[in-house]
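Undergrad: Please find the sequence and the predicted model below.
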Amino acid sequence: MLKKVLKVGQVVTIGLLGLFLIGCENKTTTNTQKQTQENVIRWRLAMSWPSTLTPLASPPIKMAEMVKKMSKGKFIIKVEGSEKTKAALGVLDMVKQGAYQMGHSGSYYWKGKDINTIWFTTVPFGMTVAEQYAWFYYADENHDGKPDGMEYMKKVYDKFGVLSFPGGNTGVQMGGWFRKPINSVADLKGLKMRIPGLAGEVMAKLGVKVVNIPGGELYTSLDRGTIDALEWVGPGMDIKMGFNKVAKYYYTGWHEPASEMQFLVNKRAWNKLPDNYKTMLVTAMKAATADMYMENFAASANAWAKMKKDNPDIKVKTFPKPVLKAMYNATQNLLQGYASKNKLFAEIWANQKAWLKKARPWSMMSIYEYLKTSKEVEGK
């Protein structure tokens with residue numbers, strides 16, 4: 001009887017010890033999970049475009065995926081499109097105020113806040129993609145050991161309390177869709193056209209009635225003749241809007257030769273990041289930036305092939321030389337006017353011109369001559 005009692009007692013004792021150990025293990029697991037959750041950094045990023053508008057929306061989405069994988073799930077960036085934020089042109093302010101730790105937009109959208117922001121997207125008759133990326137990351141015309149583009153961008157955005165990084169490029173954008181051909185500068189007089197930014201100011205100087213119409217109304221406006229012309233991006237994005245169905249004159253570009261998007265980062269949030277996470281973020285942004293250019297190039301090549309097949313009446317045209325010369329002169333006058341009032345503007349402009357003086361001969365020797373030679377030998 002005693003044996004049985006002892007055995008029962010032993011079982012009870014062991015059972016209580018086991019329960020105690022299990023309880024300790026569960027408590028430790030819960031604490032570990034809680035600690036792990038607390039160690040996860042969660043950011044939000046606001047875009048100036050809808051989440052479905054690729055390739056513009058691609059860089060932040062792909063960047064966030066890379067950061068999550070590199071950090072093994074400990075650095076999460078939630079990307080929200082304009083359909084969520086309801087403030088496409090409020091991204092800079094939202095990041096500045098800390099409502100979002102990051103943003104993805106276009107620097108020239110903020111020219112009303114600081115005209116110097118235009119230099120980090122593109123300007124009419126400016127640099128190509130390759131020339132501009134080299135200026136951002138490797139040009140050092142100031143001979144201070146720092147890349148000029150990134151250095152100037154930091155100087156301009158410091159006052160907003162944010163950091164700005166290149167965020168993907170569209171390459172050369174098309175000059176727009178026109179219902180009628182442009183044969184002379186006189187044909188621009190009174191023309192109603194949707195064309196934003198500095199290019200809009202240039203066109204206004206040449207007599208164009210520049211109008212601001214929401215993207216969702218552009219197709220209908222062009223179709224009904226409310227406007228005579230519009231500029232969007234290029235075949236890859238234009239085909240989604242259907243402009244190829246309602247206008248048959250498609251002009252080559254002059255106004256946005258290398259339109260760079262941007263990543264914005266709140267400086268307070270940035271300063272709190274561990275160094276390894278900063279490296280992950282910068283690496284992912286740079287990779288996603290390069291990827292957007294490739295994605296957009298492919299999209300435009302495929303879209304143009306489809307347009308030619310489905311809309312054989314489209315006529316690709318280049319503005320006549322006198323028109324282009326007038327656009328160029330108006331651009332120079334406009335830039336000179338801003339430079340005369342803004343010392344930093346004049347400095348950045350001079351820096352870009354100095355870099356172009358060095359870079360453009362190589363662009364002409366390499367890319368231009370190769371394309372010209374290939375065309376000649378192929379007999380096209």
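TA: Okay, I see it. Residues are numbered from 1 along each chain as shown.
Undergrad: For the stretch 51-200 of the chain, which segments are assigned as helices?
TA: Applying DSSP state H, counting those that start in this stretch to the stretch 51-200 of the chain gives helices spanning 58-70, 82-85, 91-97, 129-137, 148-157, 197-205.
Undergrad: could you dump these to JSON lines with mean pLDDT, distance to Asn329 and mean neighbour count?
TA: The C-beta positions use only the backbone N, C-alpha and C, and glycine is treated the same way. Shown next, in JSON lines, are the helices of the stretch 51-200 of the chain (pLDDT from 0 to 100; distance: least, CB to CB, whole Å; neighbours: other CB atoms under 10 Å):
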{"stretch": "helix 58-70", "mean pLDDT": "98", "distance to Asn329": "35", "mean neighbour count": "20"}
{"stretch": "helix 82-85", "mean pLDDT": "93", "distance to Asn329": "36", "mean neighbour count": "16"}
{"stretch": "helix 91-97", "mean pLDDT": "98", "distance to Asn329": "32", "mean neighbour count": "20"}
{"stretch": "helix 129-137", "mean pLDDT": "97", "distance to Asn329": "22", "mean neighbour count": "20"}
{"stretch": "helix 148-157", "mean pLDDT": "97", "distance to Asn329": "26", "mean neighbour count": "20"}
{"stretch": "helix 197-205", "mean pLDDT": "95", "distance to Asn329": "9", "mean neighbour count": "21"}
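Undergrad: show me the contacts for Val233.
TA: Contacts for Val233 were tallied using CB atoms under 8 Å, 6 or more residues apart in numbering; they are Thr170, Gln173, Met174, Ser259.
Undergrad: List the residues that contact the second one.
TA: Taking CB under 8 Å, 6+ apart as the contact definition, Gln173 lies against Glu231, Trp232, Val233, Gly234, Gly253, His255, Glu256, Pro257, Ser259.
Undergrad: Isn't the fourth one up against Trp177?
TA: Right, the one you point to is Gly234. No - counting by CB atoms under 8 Å, Gly234 does not reach Trp177; the two are 11.3 Å apart.
Undergrad: which of the two has more neighbours?
TA: Between Gly234 and Trp177, counted using other CB atoms under 10 Å, the more crowded position is Trp177 (26 against 23).
Undergrad: check contacts around the closest residue to that one other than its chain neighbours.
TA: Using CB to CB, 6 or more residues apart in numbering and skipping the chain neighbours, the partner closest in space to Trp177 is Ala247 (3.9 Å). Counting by CB under 8 Å, 6+ apart, Ala247 makes contact with Trp177, Phe178, Arg179, Leu222, Ala229.
Undergrad: Strands - which of these land there?
TA: In strands, defined here by DSSP state E, the members of those are Trp177, Phe178, Ala229.
Undergrad: Kindly reformat these as a markdown table and extend each row with pLDDT.
TA: Shown next, in a markdown table, are the ones in strands among the contacts of Ala247 (pLDDT from 0 to 100):
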| residue | pLDDT |
| --- | --- |
| Trp177 | 98 |
| Phe178 | 98 |
| Ala229 | 98 |
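Undergrad: tell me which of these is nearest to Trp349?
TA: Nearest to Trp349 among these: Ala229, at 28.5 Å, using CB to CB.
Undergrad: The closest one pairs with what?
TA: Phe178, Met193 (DSSP bridges).
Undergrad: Let's verify the most centrally placed residue in the chain: helix, strand, or coil?
TA: A centroid search over the chain (CA atoms, centre = their mean) returns Met261, at 2.0 Å, as the residue closest to the centre. Here Met261 is recorded as strand under DSSP: H, G, I helix; E, B strand; the rest coil.
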